[in-house]
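>>> I would like to see how this sequence folds:
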Amino acid sequence: MNLLLRLVLFCLLLLCLGATAGAQGVSFPDLGTALPGHQDVTYLDLARMVIPDLKTGTDGFYAGTLPIDMRHIEGPDSGGSPPPTSSFPNAAVLDIKTGGKDRLTMLFDLGDSPDSAEGFAVLALYDLSGKPKLLDAVNVAVDRNSYFREPNRLSLGAGDDAVVTMSTHFNSNQGYVGTALIMVRDNRFQLIDMIYTFDENVCAYRRTQNLAFQTSGDNQPYAAIKVTVTDATVPSEEDCGEARPEASSHDISVTYRWDKVVSRYVKDSDAFERLSAENAKRF
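A predicted model of the protein is given here:
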């Protein structure tokens with residue numbers, strides 16, 4: 001996708017989501033700036049642990065070829081290949097905690113995959129406690145453009161955070177979003193769930209599916225996570241030559257609880273899978 005168009009879509013997305021990145025901890029530093037507490041290391045040095053030949057271009061963008069090998073967050077049957085070349089102005093940076101330790105994550109949207117309708121986006125995990133070290137990197141793209149999604153991170157306890165990313169694309173009147181809820185265990189990313197939603201804006205109505213997240217600390221060692229999709233339809237005032245639907249709104253909720261036996265989060269229903277199947281009929 002054209003780089004300028006990707007930037008425009010990113011700005012529009014932030015406005016649509018009401019994202020206040022700074023308040024939530026996501027930043028977009030110039031990759032040439034030094035890391036806090038590491039004056040001899042830049043964000044570009046961290047980025048080169050993912051894309052070894054990344055360089056500063058004459059247009060202010062950073063360009064490189066193939067990233068290191070990595071898995072897709074959903075597993076070996078998901079995702080496509082990275083683009084042979086990529087170019088981007090910056091990366092999203094988010095501090096998190098895992099296992100009681102401070103970690104840094106960076107999200108790089110590398111653009112379109114050559115063998116998939118999805119893009120290719122790298123979520124990288126770094127240890128900055130000594131000499132900066134890359135701990136893990138995964139492809140989190142399930143659609144064309146990928147970002148951290150508000151609230152960006154969720155506290156699972158005093159020393160652990162989950163990360164929230166999203167992949168999306170829009171056409172003239174439809175928006176497709178895949179939201180990934182990701183935790184870190186033993187310095188590796190682990191998917192909790194992928195949630196797919198669908199927005200539609202036509203003459204007669206606007207239908208949106210917005211997500212909200214809530215954690216509860218009564219489940220050890222990690223908090224329970226309740227995710228709610230509010231599916232709302234708002235009729236328009238336009239004369240569209242067709243009947244307008246009634247205004248409606250209902251919530252669809254799923255709660256994820258840590259299961260010590262299988263060492264992962266387990267959800268209490270398949271409501272989001274059913275929602276995704278229902279949405280697919282409207283595409």
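
>>> use CA for all of it now, contacts and neighbours both
Fine.

>>> tally of neighbours for the residue nearest to residue 101 when sequence neighbours are not counted?
Take residue 101 and drop its neighbours on the chain: the residue closest to it by CA to CA, 6 or more residues apart in numbering is residue 159, 6.8 Å away. By the criterion of other CA atoms under 10 Å, residue 159 has 14 neighbours.

>>> Contact partners for residue 159?
97, 98, 99, 100, 101 (CA atoms under 8 Å, 6 or more residues apart in numbering).

>>> What about those, which one has the most neighbours?
residue 98 (22 neighbours).

>>> which non-adjacent residue is nearest that residue?
residue 160 is the one closest to residue 98 (CA to CA, 6+ apart), at 4.3 Å.

>>> which stretches of this structure form helices?
For the chain, the helices defined by DSSP state H cover 3-17, 21-24, 43-48, 271-280.

>>> end-to-end on stretch 181-196?
Stretch 181-196 has its terminal residues 11 Å apart, counting by CA to CA, to the nearest Å.

>>> should've said stretch 60-68
23 Å.

>>> how about low-confidence regions in the stretch 101-250 of the chain?
218-219 (pLDDT under 70).

>>> And residue 51, how far from residue 129?
22 Å.

>>> Which one's more surrounded, these two?
residue 51 (21 against 12).

>>> how about the nearest residue to the more buried one once chain neighbours are set aside, phi and psi?
Counting by CA to CA, 6+ apart, the nearest residue to residue 51 once its immediate chain neighbours are dropped is residue 67, at 4.3 Å. Residue 67 adopts backbone torsions of phi -80, psi 170, taken as degrees, to the nearest 10.

>>> Residue 81 is in contact with residue 67, correct?
No - at 10.1 Å, residue 67 and residue 81 do not qualify as touching, with contact defined as CA atoms under 8 Å.

>>> quick one, which of the two is more surrounded?
residue 67 (22 against 16).

>>> Could you pull up the contacting residues of the more buried one?
50, 51, 52, 82.

>>> Go again with 7 Å.
50, 51, 52 (CA atoms under 7 Å, 6 or more residues apart in numbering).

>>> And residue 189, by the same measure?
Residue 189 touches 182, 183, counting by CA under 7 Å, 6+ apart.

>>> For it, list each beta-bridge partner.
residue 184 (DSSP bridges).

>>> Just give the number of residues close to residue 109.
For residue 109, using other CA under 10 Å, the count is 25.

>>> ditto for the one 10 residues further on
Counted with other CA under 10 Å, the neighbours of residue 119 add up to 28.

>>> Now for residue 282, how many residues are close by?
That count, for residue 282 with other CA under 10 Å as the rule, works out to 9.

>>> cool, residue 103 as well?
Neighbour tally, residue 103, other CA under 10 Å: 18.

>>> ok now do it, which residues does it touch?
Each residue near residue 103 by CA under 7 Å, 6+ apart is listed here: 95, 96, 97, 125, 126, 127, 128.

>>> before we move on, back to that, can you put the contacts of residue 67 in CSV and add distance to residue 271 and pLDDT?
Shown next, in CSV, are the contacts of residue 67 (distance: CA to CA, whole Å; pLDDT from 0 to 100):
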residue, distance to residue 271, pLDDT
50, 36, 98
51, 38, 97
52, 42, 97
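
>>> quick check, nearest of those residues to residue 141?
The nearest member of the contacts of residue 67 to residue 141, counting by CA to CA, is residue 50 at 15.7 Å.

>>> quick one: residue 194 from residue 209, how far?
15 Å.

>>> And residue 170, by the same measure?
14 Å.

>>> which of these two has more neighbours?
Taking neighbours as other CA under 10 Å, residue 170 and residue 209 compare with residue 209 leading, 21 against 15.

>>> Who does that one form a beta bridge with?
So, taking DSSP bridges as the rule, residue 209 has residue 231 as bridge partners.

>>> Tell me what the residue nearest the centre of the chain is bridged to.
With distances taken as CA atoms, centre = their mean, residue 165 lies nearest the centre of the chain, 1.4 Å away. For residue 165, the beta-bridge partners are residue 148, residue 180 (DSSP bridges).

>>> so it sits right up against residue 177, yeah?
No - when contacts are counted by CA atoms under 7 Å, residue 165 is not listed as touching residue 177 (10.3 Å).

>>> Which residue ranges of the stretch 1-150 of the chain form strands?
All strands of the stretch 1-150 of the chain, identified by DSSP state E, counting those that start in this stretch, fall at 34-35, 38-42, 55-56, 62-64, 71-72, 86-88, 92-98, 101-112, 119-127, 133-139, 145-157.
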